[in-house]
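K.L.:
please find the sequence and the predicted model below.
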Amino acid sequence: MSSFQCNETDECHDDDISSTSRDCAIGVEGRHSPKVSIVIPVYNTPANLLCECINSAVNQCYQSKEVIVVDDGSDAVTAEYLDSFAEDGIAVLHKNNGGLSDARNYGVAHSTGDYVYFLDSDDSLASPNAIQLLVAIACASKSEIVVGRSHFISSIQGWMGCPAPGHDWLVSCLQSQSVSFIAPDQLFAFSLLRRLSHLFVEGMVHEDEEFTPRAYLEAKRVVGSTSCMTYTRNIRAGSLTQSKSMKDIYKRCEGKMLVAKNLLSSQCYSSSFSLRSLIDARAYGFMAMAFRSWAEDLYLHPEYSSRLMKLAESLDYSRVKIVRHSANSARNYIVISFVRAFGIARLIDLLNVIFKKKI
């Protein structure tokens, strides 16, 4: 891993970091440039979206980069199509299917950059200078994470280009109650990723919701981009997050519960009572969403319900009273309190009756 030096500024303010970033963007490649590894996990993504995605990475005007495409056990047609992109600056790695988390971890393990940027294979970078702008902001603000413009949430305090300690940034995100902690469109310093106890939890759906808060908390500085949009998200009907199949609905329910379990059990958020309460509130919110979908969509599918029941019974409901004032909604507090008092089976039965009456 190479070391690099960025232009240092004594202080970054809302009104000057954008101009500083523009200046850095113009000149950053005139000196030693931080190398960026763009990691793209692929599993049977349609060819038209793959082409758009990979080309958006390859055509970045920022030259000090590598594109790492991880084929996560795709079919032969997709694998062959990916091989057609293999050339200098593009590494196509084939592996057995292990899921999105495993593919991302595999890509990071094979990266040689100073920064890592995760790009989903059905999305694309919005402009040819997106990476250059993010690197420039990282250099100007001395931040270990730069959050791309597509994540803009106006309610986050200090978002407008002013770097914040990772702890403060995470608290602001949690207090906004509307943030989705997705990993793509964020530039992560490789040195930060190395300090984390683990990267993405393998086999978990909604893995970003477990990974990103830990990364924010560990980061010395986090800053958000105020420049043009850097990332384009495509919502596909066939994707795991949109699929209506019982199997995929089950995976989403299971994923939400596993995220909740990890958030509740993690000791890294116990440094302050306020942070612990906010994390617990988010965890209980994930539980409530999972229970609702379970009762509405999977109630009559015992093969899935039995597995979810076992997982739900292993969750920690003991801190729900502590988070009642910081919970995302009173509904979540009521749902989790009901489970604590009467058990998960009674809740699922009750919710199913309620949903039937609405039909």
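P.N.:
Looks like it came in fine.

K.L.:
CA only for contacts and neighbour counts going forward, please
P.N.:
Will do.

K.L.:
now do the strands in this protein.
P.N.:
36-42, 65-72, 90-95, 115-118, 124-125, 145-147, 186-189, 222-224, 231-232 (DSSP state E).

K.L.:
which one of the ones you listed is the most hemmed in?
P.N.:
strand 222-224 (a mean of 28; mean count of other CA atoms under 10 Å).

K.L.:
about what we covered before: would you turn the strands of the chain into CSV with distance to E207?
P.N.:
As requested, the strands of the chain are arranged in CSV below (distance: least, CA to CA, whole Å):
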stretch, distance to E207
strand 36-42, 14
strand 65-72, 16
strand 90-95, 20
strand 115-118, 13
strand 124-125, 20
strand 145-147, 18
strand 186-189, 15
strand 222-224, 20
strand 231-232, 19
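
K.L.:
A345 is nearest to which of those strands?
P.N.:
strand 65-72 (36.9 Å; CA to CA).

K.L.:
would you turn the strands of the chain into TSV with mean pLDDT?
P.N.:
TSV is the format used below for the strands of the chain (pLDDT from 0 to 100):
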stretch	mean pLDDT
strand 36-42	98
strand 65-72	98
strand 90-95	97
strand 115-118	98
strand 124-125	94
strand 145-147	93
strand 186-189	96
strand 222-224	91
strand 231-232	84
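
K.L.:
select, out of those strands, the one closest to Q175.
P.N.:
strand 222-224 (16.3 Å).

K.L.:
can you name the residues bridging to the closest residue to I90 other than its chain neighbours?
P.N.:
Excluding the flanking residues, the one nearest I90 by CA to CA, 6 or more residues apart in numbering is V67, at 4.8 Å. Using DSSP bridges, the bridge partners assigned to V67 are I38, I90.

K.L.:
pretty sure V67 sits against V58.
P.N.:
Yes - V67 is in contact with V58 according to CA atoms under 8 Å; the separation is 7.0 Å.

K.L.:
need the contact partners of the longest helix belonging to the chain.
P.N.:
If you go by DSSP state H, the chain has its longest helix at helix 273-297. With contacts defined as CA atoms under 8 Å, 6 or more residues apart in numbering, helix 273-297 is touched by 171, 174-175, 246, 249-250, 252-254, 256-257, 259-261, 263-264, 269-270, 305, 319-320, 322-324, 326-328, 332-333, 335-336, 348-349, 351-352, 355.

K.L.:
buried residues in that helix?
P.N.:
Buried residues in helix 273-297, counting neighbours by 16 or more other CA atoms under 10 Å, are found at 275-297.

K.L.:
now the common contact residues for V67 and V58.
P.N.:
With CA under 8 Å, 6+ apart as the test, V67 and V58 both reach I90.

K.L.:
tell me where the model's unsure across the stretch 251-359 of the chain.
P.N.:
322-329, 357-359 (pLDDT under 70).

K.L.:
for R236, give me the pLDDT.
P.N.:
We note a pLDDT of 60 for R236 in this prediction.
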